[in-house]
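Chemist: based on what follows, work out the 3D shape:
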Amino acid sequence: MNRIIISNNQFDLNNIEYNYKEDLISKLNLKVIKNTKLELIIDKEIKLDINIELLDDVKLDFVIIKKAKTKILTKYKLNENSILNITEISDSDIINERNIINLNGKNSKINFILKTVCKNNEKYDIVINHNNIKTESNVVTNGVNISGNLYFTVTSYVPKGIKKCIVNQQNRIINLTDNECLIRPNLLIDEVDVIANHSALIGSFKDEELFYMQRLGIDIATANKLLIEGFIKSKINKNLANYLKKYWR
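Modeler: Sure thing, here's the model as predicted:
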């Protein structure tokens with residue numbers, strides 16, 4: 001596993017060319033030249049710009065762990081037949097994040113899964129540009145708001161003439177407070193030969209779920225913790241979910 005730890009500027013990389021400059025806004029440039037896996041751990045307060053390019057026929061499994069106040073702009077460039085799988089885990093008081101994903105090559109594909117437990121103020125903006133035919137994007141944003149404000153904006157663009165694309169969004173916030181949470185799911189599609197779906201749901205856990213667990217003798221606080229665990233663990237590796245296990249243990 002390739003790994004970058006921002007707190008101590010540790011870079012253990014194979015199959016990835018990189019350049020890193022630390023400044024008021026730090027800059028990290030990565031070029032992925034062969035199939036590989038990468039873990040990025042951000043555990044100090046930082047403003048960071050990241051540029052990542054995948055060459056033709058390259059697959060990257062990318063895990064991002066955020067444990068500190070972060071303001072981050074990440075730009076991805078996918079070339080022909082490249083595949084990017086992103087799993088992002090957020091456990092920080094304040095996050096302001098923007099992702100711009102350019103599917104430039106034919107048959108390029110992005111799978112993006114975000115899991116967060118929000119305690120203060122978190123904003124996520126994800127933009128996917130389908131710039132070539134037969135490109136595919138699958139975005140899942142899941143957040144549990146326990147004491148803050150949580151905002152998801154997900155925008156997928158498909159221009160006219162960019163045919164046979166697949167565009168999927170699944171966005172959900174479990175809001176356990178009376179605070180404001182917001183999802184903006186945008187499908188901006190100017191081509192008919194496209195498969196596109198999106199969902200956006202904000203609310204607490206279902207009454208019937210809580211009622212069923214209470215009938216089993218589980219108190220409401222424990223029931224909420226069990227439901228948070230199931231929600232966070234869905235669709236991701238168990239070891240990654242453990243970064244957030246303190247919220248249900």
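Chemist: buried residues in the worst-scoring helix or strand of the chain on mean pLDDT?
Modeler: Least confident helix or strand of the chain, by mean pLDDT, DSSP states H and E, is helix 207-215 with a mean of 81. Of the residues in helix 207-215, 210, 213 count as buried by neighbour count, 16 or more other C-beta atoms under 10 Å. Where C-beta positions appear, they are placed from N, C-alpha and C, glycine not excepted.
Chemist: what's the first helix or strand after that helix?
Modeler: Counting by DSSP states H and E, the next helix or strand C-terminal to helix 207-215 is helix 220-233.
Chemist: can you list the weak-confidence ranges in the chain?
Modeler: Within the chain, not a single segment meets pLDDT under 70.
Chemist: got the domain boundaries for the chain?
Modeler: With domains defined by automatic domain parsing, the chain comprises 2-204, 206-249.
Chemist: state the helix or strand in which H198 lies.
Modeler: strand 194-203.
Chemist: and for L188?
Modeler: L188 belongs to strand 181-189, assigned by DSSP H and E.
Chemist: neighbouring strands for that strand, and are they parallel or not?
Modeler: Strand pairing for strand 181-189, determined by DSSP bridges: strand 149-158 (parallel).
Chemist: CA-only coordinates of the helix or strand just after the partner strand in CSV, if you can.
Modeler: With elements assigned by DSSP H and E, the helix or strand that comes after strand 149-158 is strand 165-175. Taking Å, rounded to 0.1, in the frame of the first residue of the first chain, the C-alpha atoms of strand 165-175 are listed here in CSV:
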residue,chain,number,x,y,z
CYS,A,165,-22.5,7.6,-20.3
ILE,A,166,-23.7,6.3,-16.9
VAL,A,167,-24.3,8.8,-14.2
ASN,A,168,-25.4,7.8,-10.6
GLN,A,169,-25.7,9.7,-7.4
GLN,A,170,-26.9,8.5,-4.0
ASN,A,171,-26.9,11.1,-1.3
ARG,A,172,-28.1,10.7,2.3
ILE,A,173,-27.8,12.6,5.5
ILE,A,174,-28.9,11.2,8.9
ASN,A,175,-29.7,14.4,10.9
